[in-house]
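Enquirer: Predicted model follows, preceded by the sequence.
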Amino acid sequence: MRSPLPLSRITRALSLPLLLTLGLATSACGDGEDCAVGTEQFRTELFFGLDRENDVPVSEADWQNFVDTSVTPRFKDGLTMFDANGQYLMDNGTLVHENSKVIVLLHDGSAAHSQDIDTIREEYKSRFHQEAVLRVDSTSCVAF
C-alpha cells in the first residue's frame, strides 16, 4: 500500500489514524486494476484550516460564502464537505491544533480542473491569511 503523498507531508495537517479512518492512506484504484463498480475518476481532497494568526477563526458564514463564490462556480456538478480537526506545523515551527473543513471533489483530472483547484487553494490562503491548504489527489472507482 502506498500513500498519495509522502507521509511526512500529510501528517503536517492530519494524524495517521484520521487518514486511515478516511481511507486516504491507500489508493482506491488506479494501480492498473479495472474499476469494477463504475467509472474511474480523479478525487481531490482539500483541507482548510479555520484558525487565523492574530484574528478570529473563519466563521461558518465566511466559510459558506467562500464555498459559494470560489468553489461551487468551478465545480457545479457537486462536492462533499465536512468538519475535521487537525494540526499543522507552521513554517516558523509552531504546531497549530485547529478546526478544519474538508472538501472532496470528483473530476476528470484535466489540466483545467487542476488549475481550478489550485485557484481555490490560493483564494482561500489569500482571503483568510493562511499559510497552506493541503491537496491530496488520487483516483477512485465511482458509481452514482
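Expert: Everything's here; your move.
Enquirer: where are the low-confidence patches of this structure?
Expert: 1-33 (pLDDT under 70).
Enquirer: need the strands for this structure, in chain order.
Expert: 39-49, 80-89, 95-107, 134-142 (DSSP state E).
Enquirer: So which of these is nearest Val71?
Expert: strand 95-107 (6.4 Å; C-beta to C-beta). For every residue, glycine as well, the C-beta is placed using N, CA and C.
Enquirer: List of residues touching the closest one?
Expert: Outside strand 95-107, the residues that touch it by C-beta atoms under 8 Å, 6 or more residues apart in numbering are 13, 41-51, 57, 63, 67, 71, 75, 77-90, 113, 117, 140, 142.
Enquirer: could you give the angle of it to strand 39-49?
Expert: Put simply, strand 95-107 runs at 150 degrees to strand 39-49, going by axes from the mean of the first three to the mean of the last three C-alpha atoms, to 10 degrees.
Enquirer: Dig out what Asp137 forms beta bridges with.
Expert: Thr44 (DSSP bridges).
Enquirer: Distance check, it against Asp108.
Expert: 13 Å (C-beta to C-beta, to the nearest Å).
Enquirer: Settle it for me: which of those two has more neighbours?
Expert: Between Asp137 and Asp108, counted using other C-beta atoms under 10 Å, Asp137 has the larger neighbour count: 15 against 8.
Enquirer: that older thread, if any of the contacts of strand 95-107 are buried, put those into a PyMOL selection.
Expert: To isolate the buried ones among the contacts of strand 95-107 in PyMOL, judged by 16 or more other C-beta atoms under 10 Å, type:
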select buried, resi 13+41+42+43+44+45+46+47+48+49+50+51+63+67+71+75+79+81+84+86+87+88+113+117+140+142
